[in-house]
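Q: what follows is a predicted protein model with its sequence.
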Amino acid sequence: MPAGVTEGDGQAPAPPRRCRRRGPQPRPGDLRPTDVVGAFFLAGGAFLLAAAVAAVVQWLSPWPWGLWLTLHLAFVGGVSQLVLGASQFFVTAFLATEPPPRALLRLQLAAWNAGALLLALAVPDDRGALVWIAVALLGVALAAWGWAVGLLRRRALRRSPWATRWYLAATCFLGLGLIAGSLLAHGTPWSSGDLLAAHMALNLGGFFGGAIVGTLHTFYPSLTRTELRLPRLQGPTFFAWCGGIAALAIGYGFSVESLVLAGWLGLLVAATLLLVNLAASLRRAVAPLSLPARLLGIAHLFLLVGVGLLATLALVHGPQEPFAGGWRTAAGTLLVVGWVGLTVLGSLLHLLAVVLRVRSGHTTRMPAPRPWFDVPLCAAAALGVGGLAVAQAGGPAGLGTVARPLVLLAYAILAAAVAARALRVVTSARPSL
């Protein structure tokens, strides 16, 4: 029936309206974006739970590979899957298209989980052939992810180049990081430079960092119910971040001091540019901030402080100083516990709530802000992480005694909230691939 005509009202047709082109409407049995993010989040959450168990075992009875296994389960099995799932969720939304085919999503999940598990078994036992098989499986998952994103771009109803640039760059860095990690696992001699530092730059900064920084350009305005105030800054932020990661990886991998210094400065510039956009969103926010919005804002401050600290150390004392003694531990606390940790927990809280709302037919409301609870919780997390980093960098020893329980308390409360929402997803809104 022509636009503007109401069936049976007996009135003359109204002038046709020009409607915006709409994406394909879901049919019963079709995949929804929340199915994608939910499936990856549940698989990643299982690895994060396993990482927590490994951390407790390592604390009670340390063994040589305990710390490595904890980090591997948390980052390769856990956080990486969160990034892979969230990236496809956001790209689908940005490009106004339907999710990737089930076959590609199942291949990603099967290959990534098999590779992560096999690597966890092969590296401690020094089984060289199995390490390469595990890396190959992870590579297959990345290739399937790239194919899926390519399909989304070709089927897009909306042009949004930045929807994929950050994720594609981050995944390229991860591929290089996997190669460097496999060489480290095999004990391959590397006399050209510091291969471990290059590996960390590619994985932590290139993959996790690139995905987080890129996503925040749209995710944080959504959390604060605003729009990206200065979109023209996204281009310089992208090139500063990616150029900085590439310079760090090459500089550390091949002992080129000038590239290392340029890399740290590039990351500092990118973090500062992103802060400008995040601050603009905060200024325009009219409603009370949600807990995820508060957590992600605090997390970015830890990124800025951590990168600023490392850049200063590299400039004043040389490129190796950021990875020496207490400075390395303090920077790790700021960037891993403060930045990545709070970002992951805040994102999970929000996106799991979205999954519950969509799967319930929008009858479930999004959690309302609770300033009386959210503000003290965020303050405990911020003071705990900051105080612990200061103590690790040579500050008062008593500060660490106070800060550590604050970190543990804040993380326990946040992890419990995430676990409760994940359980609701599993029992009442289970995604299906």
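A: Happy to help now that I have it.
Q: measure A197 to T171 for me?
A: As for A197, its distance to T171 is 21 Å (criterion: CB to CB, to the nearest Å). Backbone N, C-alpha and C define where each C-beta goes, glycine included.
Q: equivalent analysis for L301, please.
A: Distance from L301 to T171, by CB to CB: 27 Å.
Q: also A74?
A: Counting by CB to CB, the separation of A74 from T171 is 19 Å.
Q: pick out whichever of these two has more residues nearby.
A: Ranked by neighbour count (other CB atoms under 10 Å), A74 and T171 place A74 first, with 24 against 21.
Q: number of residues surrounding the closest residue to the more buried one other than its chain neighbours?
A: Excluding the flanking residues, the one nearest A74 by CB to CB, 6 or more residues apart in numbering is A51, at 3.8 Å. With neighbours defined by other CB under 10 Å, the count for A51 comes to 21.
Q: and A51, what helix or strand is that in?
A: Here A51, judged by DSSP states H and E, is contained in helix 33-60.
Q: list the helices and strands that helix packs on?
A: For helix 33-60, the elements it packs on are helix 66-71, helix 80-94, helix 102-122, helix 342-359, helix 397-428, judged by 3 or more CB pairs under 8 Å, 6 or more residues apart in numbering; DSSP states H and E.
Q: check which residues of the longest one are buried.
A: Yep, that's helix 397-428 we're talking about. 399, 403, 406-407, 410-411, 414-415, 417-418, 421-422, 424-425 (16 or more other CB atoms under 10 Å).
Q: quick one: low-confidence parts of the protein?
A: 1-29, 324-326, 429-431 (pLDDT under 70).
Q: try it again with 50
A: Across the chain, the ranges flagged by pLDDT under 50 are 1-24.
Q: return the set of buried residues in stretch 376-389.
A: For stretch 376-389, the neighbour count (16+ other CB under 10 Å) marks L377, C378, A380, A381, A382, G384, V385, G386, G387, L388, A389 as buried.
Q: for the helices and strands packed on helix 33-60, give me TSV that also has distance to V286.
A: Formatted as TSV, the helices and strands packed on helix 33-60 follow (distance: least, CB to CB, whole Å):
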stretch	distance to V286
helix 66-71	41
helix 80-94	23
helix 102-122	37
helix 342-359	19
helix 397-428	25
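Q: nearest to N203 among those would be which one?
A: Of all the helices and strands packed on helix 33-60, it is helix 80-94 that lies closest to N203, at 8.8 Å by CB to CB.
Q: next, the angle from the closest one to helix 342-359.
A: When axes from the mean of the first three to the mean of the last three CA atoms, to 10 degrees is applied, the directions of helix 80-94 and helix 342-359 differ by 50 degrees.
Q: go ahead and produce CSV holding the CA coordinates of helix 80-94.
A: Taking C-alpha atoms only, helix 80-94 is exported to CSV below (Å, rounded to 0.1, in the frame of the first residue of the first chain):
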residue,chain,number,x,y,z
SER,A,80,40.6,-11.6,22.8
GLN,A,81,37.2,-13.4,22.3
LEU,A,82,35.4,-10.4,23.8
VAL,A,83,37.2,-8.2,21.3
LEU,A,84,36.4,-10.5,18.4
GLY,A,85,32.7,-10.7,19.3
ALA,A,86,32.2,-7.1,20.2
SER,A,87,33.9,-5.9,17.1
GLN,A,88,31.5,-7.8,14.9
PHE,A,89,28.6,-6.6,17.0
PHE,A,90,29.6,-3.0,16.6
VAL,A,91,30.5,-3.3,12.9
THR,A,92,27.0,-4.8,12.3
ALA,A,93,25.4,-1.9,14.1
PHE,A,94,27.5,0.8,12.5
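Q: helices or strands next to it in the packing?
A: helix 33-60, helix 102-122, helix 128-154, helix 162-185, helix 210-223, helix 342-359.
Q: report the buried residues of the fourth one.
A: If you call a residue buried by 16+ other CB under 10 Å, then helix 162-185 has these buried ones: 162-178, 180-182, 185.
Q: now do the first one
A: The neighbour-count check on helix 33-60 (16+ other CB under 10 Å) flags 33-51, 54-55, 58 as buried.
Q: with the fifth one instead?
A: By neighbour count, and taking 16+ other CB under 10 Å as the criterion, the buried residues in helix 210-223 are 210-221, 223.
Q: run the chain-centre distance for it.
A: Relative to the chain's own centre, helix 210-223 is displaced by 10 Å; criterion: CA atoms, centre = their mean, to the nearest Å.
Q: just the first one next, same as before
A: Taking CA atoms, centre = their mean, the mean C-alpha location of helix 33-60 is offset from the chain mean by 14 Å.
Q: quick one, that helix and helix 102-122 angle?
A: Using the same axes, to 10 degrees, the inter-axis angle of helix 33-60 relative to helix 102-122 is 10 degrees.
Q: over to the third one?
A: Orientation note: helix 128-154 sits at an angle of 150 degrees relative to helix 102-122 (the same axes, to 10 degrees).
Q: what angle do helix 128-154 and helix 162-185 make?
A: Orientation check (the same axes, to 10 degrees): helix 128-154 against helix 162-185 gives 170 degrees.
Q: same question for the longest one.
A: Going by the same axes, to 10 degrees, helix 33-60 is angled at 30 degrees with respect to helix 162-185.
Q: how about the fifth one?
A: Using the same axes, to 10 degrees, the direction of helix 210-223 lies 150 degrees away from that of helix 162-185.
Q: what does the second one give?
A: Per the same axes, to 10 degrees, the angle that helix 102-122 makes with helix 162-185 is 30 degrees.
Q: elements contacting helix 102-122?
A: helix 33-60, helix 80-94, helix 128-154.
Q: can you put those helices in TSV and add distance to A246?
A: Converted to TSV, those look like this (distance: least, CB to CB, whole Å):
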stretch	distance to A246
helix 33-60	27
helix 80-94	19
helix 128-154	18
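Q: so which of those helices gets nearest L295?
A: L295 sits nearest to helix 80-94 of all the helices and strands packed on helix 102-122, at 14.8 Å, using CB to CB.
Q: which residues touch the residue nearest to R153 when sequence neighbours are not counted?
A: Take R153 and drop its neighbours on the chain: the residue closest to it by CB to CB, 6+ apart is T164, 6.0 Å away. Taking CB atoms under 8 Å, 6 or more residues apart in numbering, we find T164 in contact with V91, V149, L152, R153.
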